[in-house]
Each structure stands twice: as structure tokens, then as C-alpha cells.
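>>> I need the structure of the sequence given here:
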Amino acid sequence: MIIPMTVPYIAPEASHRYALDLVRQVDRDRFLAALFAPEPARRGLLALLAFDHELARTRTVTREPMLARIRLEWWREAVAEAVGNGQPRAQPIVESLSEISRRHGLTADQLTALIDAREEEVDGPLDVVKAGRALADLQLGVLGVGDTASRDAARAVGAAWLMGAGPERAALLAKARACRREVDLAVLPILLPALNLGRAMSPWRTPIAYWWAVRRGRY
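Predicted structure coming up:
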């Protein structure tokens with residue numbers, strides 16, 4: 001059986017810039033962390049964070065459940081186009097997502113898992129473990145990392161990021177840090193935000209702390 005190859009796609013530079021500017025504005029800590037990834041993985045992480053932001057924004061865009069589901073269905077159709085072989089719809093985040101999905105082999109199922117996790121917020125509280133895991137798995141795909149320790153650490157940090165301060169978040173951070181000696185250092189750009197969960201840092205200190213943590217291979 002012949003497996004069809006995905007046709008590469010190059011997004012307009014303006015679309016990647018849009019994703020970068022959006023994440024820098026709405027998610028500064030994770031934006032700064034993503035900058036420590038080499039290109040093209042850096043571009044991929046920023047596209048995923050922009051995608052996640054748009055999904056999370058659904059709950060603020062409309063309070064009507066039906067309209068929220070229609071919006072999320074639009075994104076399901078968009079990601080199906082993004083990973084396909086045709087031209088994706090002309091929306092900056094979709095275009096950026098399409099390039100990085102085809103480059104790194106992200107699947108429609110992986111992208112839809114994040115949409116499904118966010119849809120639970122339409123009627124009730126967000127399942128932070130499910131949502132954090134879905135985004136972490138996409139990020140690991142962009143970084144090309146698949147070992148167990150790195151996956152466990154990334155999923156734990158992803159869930160902790162969505163959780164308020166308390167013993168459950170502390171337990172997740174402890175789980176992530178227990179993997180320090182085993183994680184692939186390539187995954188640090190998605191683990192660095194854990195530093196801001198353990199103790200709040202001032203805006204000027206965060207990039208310095210991230211830089212020093214990368215030098216030491218810590219998070």
C-alpha cells in the first residue's frame with residue numbers, strides 16, 4: 001500500500017509574524033521560553049501557543065454554548081485543512097499552523113485533541129490535565145522529542161500552567177522536576193515557564209532567569 005505524502009506548505013511571513021506578536025502580547029512568559037528553541041521549532045511553538053490562545057478565547061468571545069461550539073467547529077475544519085495537502089484557509093494562525101504541522105508531522109487528531117479539551121469549558125470547568133497534555137504533546141512533536149521522561153515533564157508543566165496555586169499544582173511541578181536528570185534538554189523551551197509557577201518573577205527578571213536555567217539545564 002502506498003501512503004500519500006503530505007504536500008509541504010510555506011505560510012506567508014506575515015502570518016508567522018502575527019502569531020509571534022499575538023503570543024508576545026497575551027502570553028509573555030511562554031513567549032520568552034519559546035525563544036530558546038532553535039528555528040524552525042521556535043516558529044512552531046509560537047504557532048501552537050497562538051492556536052491555544054484562540055481556542056481559550058472562545059469562552060470570552062461568546063457566552064452562548066451553541067455559538068461557542070460553532071466557533072470550535074470552525075477550528076476543527078481549519079486544522080483538517082492545515083494538515084492536508086491543499087491550500088489552508090486564509091487566516092494567519094491557520095496558515096502558520098499549516099506550515100509547522102506539515103513540517104513536523106502533526107496530525108489532525110493531535111490538533112483536534114486540544115480543541116476537544118477546550119470544548120469542555122463551554123459547559124463546565126476546564127480539565128487542565130487533558131488540555132495541558134494535548135498542548136504538550138503537540139509541542140513535543142514540534143521539538144522532535146518523544147522519550148518518556150520528557151513527555152511526563154512536559155505534560156505536568158502544561159497542566160500546572162493552567163492550574164491555580166495549591167497542593168495539586170505543587171505536586172505536578174514536583175513530578176516534572178523529578179525528571180530533571182532524564183529529560184532531553186531540547187524540551188527546555190516548554191518547561192521553563194515552571195520557574196514562574198514556583199515563585200512569581202518580575203518581568204525584567206524572567207528572561208534572565210530563563211537564560212540561566214537553560215545554561216544549567218534546569219527548570
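
>>> Kindly list the longest helix within the chain.
In the chain, with assignment by DSSP state H, the single longest helix is helix 65-82.

>>> Which elements pack onto that one?
Counting contacts by 3 or more CB pairs under 8 Å, 6 or more residues apart in numbering; DSSP states H and E, helix 65-82 packs against helix 41-56, helix 58-61, helix 92-104, helix 108-123. For the C-beta atoms, the positions are set from N, CA and C on the backbone; glycine is no exception.

>>> which stretch in the ones you listed has the least confidence?
Lowest mean pLDDT within the helices and strands packed on helix 65-82: helix 58-61, a mean of 86.

>>> Low-confidence bits of this structure, can you list those?
Low-confidence segments of the chain, defined by pLDDT under 70, span residues 1-5.

>>> let's see 90
1-8, 59-63, 121, 123-124, 198-204 (pLDDT under 90).

>>> still on that earlier bit, for residue 14, which of the helices and strands packed on helix 65-82 is the nearest?
For those, the distance to residue 14 is smallest for helix 92-104, at 7.0 Å, taking CB to CB.

>>> could you give the angle of that closest one to helix 41-56?
Computed by axes from the mean of the first three to the mean of the last three CA atoms, to 10 degrees, the angle separating helix 92-104 from helix 41-56 equals 130 degrees.

>>> related to what we said a few turns ago, rebuild the helices and strands packed on helix 65-82 as a markdown table, extending it with distance to residue 68 and mean neighbour count.
As requested, the helices and strands packed on helix 65-82 are exported to a markdown table (distance: least, CB to CB, whole Å; neighbours: other CB atoms under 10 Å):
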| stretch | distance to residue 68 | mean neighbour count |
| --- | --- | --- |
| helix 41-56 | 10 | 24 |
| helix 58-61 | 5 | 13 |
| helix 92-104 | 18 | 24 |
| helix 108-123 | 5 | 18 |
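
>>> Identify whichever of the ones you listed lies nearest to residue 219.
Shortest distance between residue 219 and the helices and strands packed on helix 65-82, using CB to CB, is found for helix 41-56: 15.3 Å.

>>> Could you measure from residue 123 over to residue 92?
Using CB to CB, to the nearest Å, residue 123 is found at 29 Å from residue 92.

>>> Residue 103 now?
Using CB to CB, residue 103 is found at 17 Å from residue 92.

>>> And for residue 158?
Taken as CB to CB, the span from residue 158 to residue 92 is 24 Å.

>>> before we move on, the earlier item: tell me which of the helices and strands packed on helix 65-82 sits nearest to residue 185.
helix 41-56 (13.0 Å).
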